[in-house]
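**Student:** show me the folded form of this:
(one chain, ligands or ions: 1)
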Amino acid sequence: MNVLILADVVARPGRKVVLERIQDLREQYRIDVALMNAENVAGGFSITPSIADELFAAGIDLMTSGNHIFAKGEIVPYLKRNPRLLRPANYPPATPGSGLFVGEIRGFKTAVLNLLGRVFMPPVDDPFRVARECVKSIPDEVKIRLVDMHCEATSEKYAMGWFLDGKVSAVYGSHTHVQTADERILDGGTAYITDVGMTGSYAGVIGMNKEQVIERFIKIPARRAEHASGNVGRLAEEIAATYKFKQPVFVAEVDLQTLLQIKQQDVLYRPLPVFPAIVHDVSLLVKRNLTFAKIRQTIVEQNFELCRKVEFVDVYEGKGVSDDKRSITIRLEYRSNERTLIDEEIDAVHNQILKALESNLGVRRRV
Ligand SMILES: [Fe+2]
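**Tutor:** Down below sits the predicted model:
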């Protein structure tokens, strides 16, 4: 008997070639049972009911899937009613659909098991434990037993091959979209290949637009993920219905540690100034090694009541200034929170500042 396994069929290019060629392939290679992995078939993610109908009508007998199968909510009712579209068997027990098919395909008693790996993949139940239970449940008279191990790591796929060796007809890997060259018959008689590859466009990166994939590697998404603190949303009605929830259900996933850090921060505020500020620029003759930072520090440390800001304006060296000195112009901003200041008040503070600079740093006003 001949089994055709089409690797991950990706988006329209993959779909188109399957629809156009499946009958020719069936005839050419005298195919008895034709399987394909459908998890990327609708725009690269999951599958829709109409696409599934189209592929079954064209000559596909059964479809396995993987981690993207629930990316399109509309497929959930279809999964529940169509045993020939599988989702991975090691999703939690309440997940809609089935991961194991046991029945007749074109007159052949056949079992197909779909598993999802756990290395570099979203968290799921142990595929080895689930595989053991599922294989145990297959009646002895079902001799054609095919296992799609959908996962990233070659070691995990190979381990599954040996784990089921002698218990199933074939263990084949999917998901990486790159076919491996390690096909073999294992010691117990099970056919094995780490990945069956992809049916899709080879002009891109594993079937997807190459420019967009490169952008994802080198641009914003990685940075945005660093600051994610959670998600919130309403559970899709289809999924809520499978749990028999009567009310709308909202689901939130939050990073508690990030939220607690935000909560612990004291909120500080200062009212916006009501009264106008008065600004005085002053040029100072300073030694060449004296910095504006030091001047500013000297003023700020003395905490002059009405002085709100000290800013750098300009530096000058040259004619009119001796070689061992330079002129630094600073801007002093004066303001009161209670009243509009009068000249006498400002002059008094301004002179105190100049005196402090002279006594502490030897700085004189340039006139
Ligand atoms: Fe996948």
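
**Student:** quick one, helices of the stretch 101-250 of the chain?
**Tutor:** Ranges of helices within the stretch 101-250 of the chain are 127-137, 154-163, 210-218, 221-226, 237-242, based on DSSP state H, counting those that start in this stretch.

**Student:** check what contacts the helix or strand containing Glu54 and list those residues.
**Tutor:** Assigned by DSSP states H and E, Glu54 belongs to helix 49-58. By Cβ atoms under 8 Å, 6 or more residues apart in numbering, the surrounding residues in contact with helix 49-58 are 15, 18-19, 22-23, 36, 38, 41-42, 63, 74-75, 77-78, 82, 84-85. Placement of C-beta: from N, CA and C, glycine included.

**Student:** quick one: buried ones out of the residues you listed?
**Tutor:** Among these, those scoring as buried are 15, 18-19, 22, 36, 38, 41-42, 63, 75, 78, 82, 84-85 (criterion: 16 or more other Cβ atoms under 10 Å).

**Student:** pLDDT score assigned to Asn289?
**Tutor:** Here, the pLDDT recorded for Asn289 equals 84.

**Student:** just the buried positions in stretch 162-182, please.
**Tutor:** By neighbour count on 16+ other Cβ under 10 Å, the buried set for stretch 162-182 is 163-165, 167-177, 180.

**Student:** again, but for stretch 51-60
**Tutor:** In stretch 51-60, counting by 16+ other Cβ under 10 Å, buried: Ile51, Ala52, Leu55, Ala58, Gly59, Ile60.

**Student:** can you list the domains in this protein?
**Tutor:** Using automatic domain parsing, the domains assigned to the chain come out as 3-199, 210-261, 278-365.

**Student:** quick one: those domains as JSON lines, columns for distance to the ion too.
**Tutor:** Output for the domains of the chain, formatted as JSON lines (distance: least, Cβ to the ion, whole Å):
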{"stretch": "domain 3-199", "distance to the ion": "4"}
{"stretch": "domain 210-261", "distance to the ion": "15"}
{"stretch": "domain 278-365", "distance to the ion": "57"}
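
**Student:** ranking these by mean pLDDT, which is last?
**Tutor:** Of all these, mean pLDDT reaches its minimum on domain 210-261 (a mean of 71).

**Student:** so how far is stretch 283-302 from its chain's centroid?
**Tutor:** In terms of Cα atoms, centre = their mean, to the nearest Å, the centre of stretch 283-302 is found 50 Å from the chain centre.

**Student:** so which residues make contact with that stretch?
**Tutor:** 307, 310, 312, 315-317, 321, 324-330, 332, 353, 356-357, 360-366.

**Student:** contacting residues around Leu354?
**Tutor:** With Cβ under 8 Å, 6+ apart, Leu354 has these contacts: Val282, Arg365.

**Student:** next, Arg296: secondary structure please.
**Tutor:** The three-state label given to Arg296 by DSSP: H, G, I helix; E, B strand; the rest coil is helix.

**Student:** can you get me a residue count around it?
**Tutor:** By the criterion of other Cβ atoms under 10 Å, Arg296 has 15 neighbours.

**Student:** over to the one 10 residues further on?
**Tutor:** By the other Cβ under 10 Å criterion, the neighbourhood of Leu306 contains 18 residues.

**Student:** what of the one 4 residues further on?
**Tutor:** For Val310, the tally of surrounding residues (other Cβ under 10 Å) stands at 18.

**Student:** on that earlier part again, mind checking how far the helix holding Glu54 is from the chain centre?
**Tutor:** From the chain centre to the centre of helix 49-58 is a distance of 31 Å (Cα atoms, centre = their mean).

**Student:** next SSE after that helix?
**Tutor:** Per DSSP H and E, helix 49-58 leads on to strand 62-64 as the next helix or strand towards the C-terminus.

**Student:** other residues contacting the helix or strand following that following strand?
**Tutor:** Once strand 62-64 ends, the next helix or strand along the chain (criterion: DSSP H and E) is helix 75-81. The contact list for helix 75-81 (Cβ under 8 Å, 6+ apart) reads 46-49, 52, 69-70, 85, 87, 96-98, 236, 238-239, 242.

**Student:** grab the nearest non-local neighbour of Thr176.
**Tutor:** Nearest residue to Thr176, sequence neighbours excluded (Cβ to Cβ, 6 or more residues apart in numbering): Asp195, at 4.9 Å.

**Student:** which one among the buried ones among the contacts of helix 49-58 gets closest to Val205?
**Tutor:** Nearest to Val205 among those is Val41, at 17.6 Å by Cβ to Cβ.

**Student:** the closest one against Ala7, yeah?
**Tutor:** No: Val41 lies out of contact with Ala7 (Cβ atoms under 8 Å); the separation is 11.7 Å.

**Student:** circling back: most packed of the helices of the stretch 101-250 of the chain?
**Tutor:** Most buried of these by mean neighbour count (mean count of other Cβ atoms under 10 Å) is helix 154-163; its value is a mean of 19.
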